[in-house]
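Enquirer: Need a 3D model of the following:
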Amino acid sequence: MCARVLVADDDPRHAEGIRRYLVAAGHETMVVHDGRAALDTARRDRPDLLVLDVMMPGLDGFQVCRTLRQESDILVLMLTARGTESDLLLGLELGADDYLTKPFSPRELVARIRTLLRRASRGEPSAPGVRRIGRIGVDPVGHQVTVDGERIECTRGEFAILAAMAEQPDRVFSRAQLLHYTRGIDRSSTERTIDVHVMNLRRKIEADPRRPEQLLTVHGVGYKLASGPAPFPAAP
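Expert: Numbers count the residues shown, from 1 in each chain. Purely as a prediction, here's the structure:
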């Protein structure tokens, strides 16, 4: 599915890299490097989708998104290097359809764009920020987790870990990195606490917690949330 895409990123090298991948995927792609140009170009050329960096001179991405959402139904995928929950939620509350946290793989960006365009072509409402990884759905706005469409209950610590991993499927997180996401919830957390959270999450999201297929251990490093079933029996 091809579309007209506007990329707004103040880093010319990064923007050019995105442009090349989108062109290779068949999209007609325009690039601007500041918020005012993004707003003017979106109004003039009416692209189907805007890839919008948060940190830009003049008008930042939040201001651009807020203004455009009052004027049009253009699809907006926000890019943020901040990665804090408050920034991500603000973008979604302003009307962004999806977001990616830097660094991200170009293939994931293309896949996210394809998903947004497919929803729009079917007339389906976007589910802002909902991550669907295999059988698992994670909604950072509603703080909900589903497995095969059925809602499950998670503690705040479990949700913080799962939401962080769902944002970057197949990325390996160390225990120390996952600990960072739970610090504001339980200051007494330790790396052992992460192991307990993972063990409890497996009981809730895996068909067989002893042979997990998605929430996997990477020996000597940490854990990852796999986007597909494990090719071999995974270690608990």
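
Enquirer: From now on I want contacts and neighbour counts done on CA atoms only, so please keep to that.
Expert: OK.

Enquirer: mind checking the end-to-end distance for stretch 69-77?
Expert: 12 Å (CA to CA, to the nearest Å).

Enquirer: Contacts for that stretch, please.
Expert: The contact list for stretch 69-77 (CA atoms under 8 Å, 6 or more residues apart in numbering) reads 46-52, 65, 68, 94-100, 113, 116.

Enquirer: Can you name every helix or strand that whichever strand or helix holds Ser121 contacts?
Expert: Secondary structure assignment for Ser121, by DSSP states H and E: helix 106-122. Contacts defined by 3 or more CA pairs under 8 Å, 6 or more residues apart in numbering; DSSP states H and E place helix 106-122 against helix 12-24.

Enquirer: picking up where we left off before, buried subset of the contacts of stretch 69-77 as a PyMOL selection?
Expert: Of these, the buried ones go into a single PyMOL selection, burial set by 16 or more other CA atoms under 10 Å:
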select buried, resi 47+48+49+50+51+52+65+68+94+95+96+97+98+99+100+113+116
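
Enquirer: Go through the contacts of stretch 69-77 and flag which are in strands.
Expert: 49-52, 98-100 (DSSP state E).

Enquirer: for those, which one is nearest Asp11?
Expert: Leu52 (11.9 Å; CA to CA).

Enquirer: Tell me what that closest one is bridged to.
Expert: Ala8, Met78 (DSSP bridges).

Enquirer: my guess is it meets Gly91, correct?
Expert: No. At 10.4 Å, Leu52 does not count as touching Gly91 under the criterion of CA atoms under 8 Å.

Enquirer: who touches both of the two?
Expert: Met78.

Enquirer: Any chance of TSV for the ones in strands among the contacts of stretch 69-77, columns distance to Ile136 and pLDDT?
Expert: Listed next are these as TSV, based on distance: CA to CA, whole Å; pLDDT from 0 to 100:
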residue	distance to Ile136	pLDDT
Leu49	26	95
Leu50	27	96
Val51	26	96
Leu52	27	95
Asp98	17	80
Tyr99	18	79
Leu100	18	81
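
Enquirer: Among the residues you listed, find me the one that's closest to His219.
Expert: When those are compared against His219 (criterion: CA to CA), the nearest one is Leu100, at 27.1 Å.

Enquirer: for that closest one, what are its contacts?
Expert: Contacts of Leu100 (CA under 8 Å, 6+ apart): 77-80, 109, 167.

Enquirer: and Val138, that one's in a strand?
Expert: Yes. According to DSSP: H, G, I helix; E, B strand; the rest coil, Val138 belongs to a strand.

Enquirer: quick one: the strands in this protein?
Expert: 4-8, 28-32, 49-53, 75-80, 98-101, 131-133, 136-139, 144-147, 150-152, 173-174, 215-218, 222-225.

Enquirer: Determine which stretch of these is the most buried.
Expert: strand 49-53 (a mean of 26; mean count of other CA atoms under 10 Å).

Enquirer: Roughly how far does the residue lying closest to Ile18 once chain neighbours are set aside sit from Thr190?
Expert: Leaving out its chain neighbours, the residue that sits closest to Ile18 by CA to CA, 6 or more residues apart in numbering is Pro106, at 6.8 Å. The gap separating Pro106 from Thr190 is 34 Å, by CA to CA.

Enquirer: try Ala81
Expert: 26 Å.

Enquirer: Next: Val130.
Expert: 28 Å.

Enquirer: Neighbour count: those two, which is higher?
Expert: Val130 (22 against 14; other CA atoms under 10 Å).

Enquirer: my guess is that one contacts Gly142, does it?
Expert: No. At 9.1 Å, Val130 does not count as touching Gly142 under the criterion of CA under 8 Å.

Enquirer: What residues of stretch 102-115 count as buried?
Expert: For stretch 102-115, using 16+ other CA under 10 Å, the buried residues are 109-110, 112-114.
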